[in-house]
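J.: Here is a sequence together with a model predicted from it:
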Amino acid sequence: MIDTQLQHPKDQITEIIKRIYRAGMTTTSGGNISIKDNHGNIWVTPAAIDKGSLTRRDIICVKPSGQIVGIHKPSSEFPFHKAIYDNRQDINAVIHAHPPALVSFSIVHKIPNTNIIPQAKHVCGPIGYAAYALPGGEELGKKIAIEFEKGFDSVVLENHGVVVGGKDLKDAYVQFETLEFSARTIIGASIVGQPKYLTHGQIDELESSVPEDLPEMDEVEHTSDELSIRTNISQLIRRACDQGLMISSYGTVSVRWYDNNFLITARNVPRWEIQNKDIVQIKEGKREPGKLPSKAVSVHAQIYKDNPDVNSIIITQSPNIMAFGVSGTKLDVRTIPESWIFLQDIPVIPFGKQFSRDGTISKTISKSSPSVIIQNDSIIVTGDKLLQTFDRLEVAEFSAKSLIMGKPLGELMPISSGQIEDLRKNFL
């Protein structure tokens, strides 16, 4: 994937709007995106053009003079985009859309609490709220601009949707996606139980417990098998993003190379942009020169050390699994035979144990418990081959989704203990 920072604004906008559309976070007619360039030009999506098939020639440029350059009219919501840029010189990209979960919050007049997941607080920050006004009107622009003037980068629009601003379009998209993920997680948790939020102190304490970075190795070798692992990891991560199993701001994948040496994703790279160069080699306790691995590298290292049968690890957040992870409700995978055979029981580890030196996570993982959930944080899935690990993640997310969807229908009826024992005898 091309780095969006090296792309023309037209190409950046068409790529991101298509990503939003494919992810089900906007409709054919809904949503608009803009970028302000260094010359004060504002590039914006057009009015009444299919968001699923937008091309670069459809993007409009509005000059500082007000001159419109393009074959269409700019979005009817352009006035509030301009109002945001006029009031926040640090914002150079704006996304407005109607993603379902955030719209749910907007129509009950609430704001999602991003303390549901640690990185959501850091990525999104506090969320603003703009009272209802006529779409495309001057009043709406003023109300939104006031919220951005207060310092909010994300604003829920009453009975409408959401607006997110960023230093660039990539930054705005990561915030937008993370905020919608938080909203989906909270809604799912509210169906199966009651969301439990983290305090600022808990989040700060977790951040302070992150181990120091590994020392750099003197030189690095890239053998053919090592390069093959890089390709497998980067391809699978993009696949996970496409399937909603991973979001841009969070997700770590690693594969054992040999002995306790492994390859792992780098930090601070949007997951849908991951390429082979964004994989970091960890060898004999040292990291590849010039690269920083995921902050969870110590967790991966301990799991490989304590579990010789584990050869791949995925740590991620998917909305249905995390609905259980943030509510304290047990994710009982005794839904259908396949779910239990693949996952068996999924233990839950309390929040704050992510970087514990007592080996809580690595000792909990075993052949009979290949996955664990960390409260208000993530699911950790392990396996022999990377594809097996990914399959387990898919099964876990599908199982969680089925449980959430089944909840309003009536009492959930899992497979009985006797039936589980039959599965154990015949398949394990």
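T.: Thanks, I have the structure now.

J.: Endpoint to endpoint, stretch 80-99 covers what distance?
T.: 19 Å (C-alpha to C-alpha, to the nearest Å).

J.: name the element Ile321 belongs to?
T.: helix 319-325 (DSSP states H and E).

J.: what distance separates that helix from the centre of its chain?
T.: 13 Å (C-alpha atoms, centre = their mean, to the nearest Å).

J.: tell me which strands and helices it is in contact with?
T.: Using 3 or more C-beta pairs under 8 Å, 6 or more residues apart in numbering; DSSP states H and E as the contact definition, the elements that helix 319-325 packs against are helix 169-192, strand 371-374, strand 378-383, helix 386-406. In short, each C-beta sits where N, CA and C put it, glycine included.

J.: at 7 Å what do you get?
T.: Identification of packing neighbours for helix 319-325 by 3 or more C-beta pairs under 7 Å, 6 or more residues apart in numbering; DSSP states H and E yields helix 169-192, helix 386-406.

J.: now these in CSV, with mean neighbour count, distance to Glu216 and mean pLDDT?
T.: Shown next, in CSV, are the helices and strands packed on helix 319-325 (neighbours: other C-beta atoms under 10 Å; distance: least, C-beta to C-beta, whole Å; pLDDT from 0 to 100):
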stretch, mean neighbour count, distance to Glu216, mean pLDDT
helix 169-192, 24, 27, 97
helix 386-406, 20, 26, 96
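
J.: The ones you listed into a markdown table, with extra columns for distance to Ser208?
T.: A markdown table is the format used below for those (distance: least, C-beta to C-beta, whole Å):
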| stretch | distance to Ser208 |
| --- | --- |
| helix 169-192 | 22 |
| helix 386-406 | 29 |
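
J.: is the nearest residue to Asn261 once chain neighbours are set aside in a bridge, and if so with what?
T.: Leaving aside its chain neighbours, Asn261 sits nearest to Lys283 (4.5 Å; criterion: C-beta to C-beta, 6 or more residues apart in numbering). Using DSSP bridges, the beta-bridge partners of Lys283 come out as Lys286.

J.: since we're on Lys283, how many residues are nearby?
T.: Other residues near Lys283 number 19, with proximity taken as other C-beta atoms under 10 Å.

J.: Compute the distance between it and Leu214, please.
T.: Distance, Lys283 to Leu214, by C-beta to C-beta, to the nearest Å: 10 Å.

J.: Check Lys63 too.
T.: Distance of Lys63 to Leu214, computed by C-beta to C-beta: 50 Å.

J.: neighbour-wise, which of those two wins?
T.: The residue with more neighbours, out of Lys63 and Leu214, is Leu214; 18 against 12, by other C-beta under 10 Å.

J.: Any stretches of this protein with poor pLDDT?
T.: For the chain, the stretches flagged by pLDDT under 70 are 1-5.

J.: Break it down into its domains, please.
T.: 4-192, 213-427 (automatic domain parsing).
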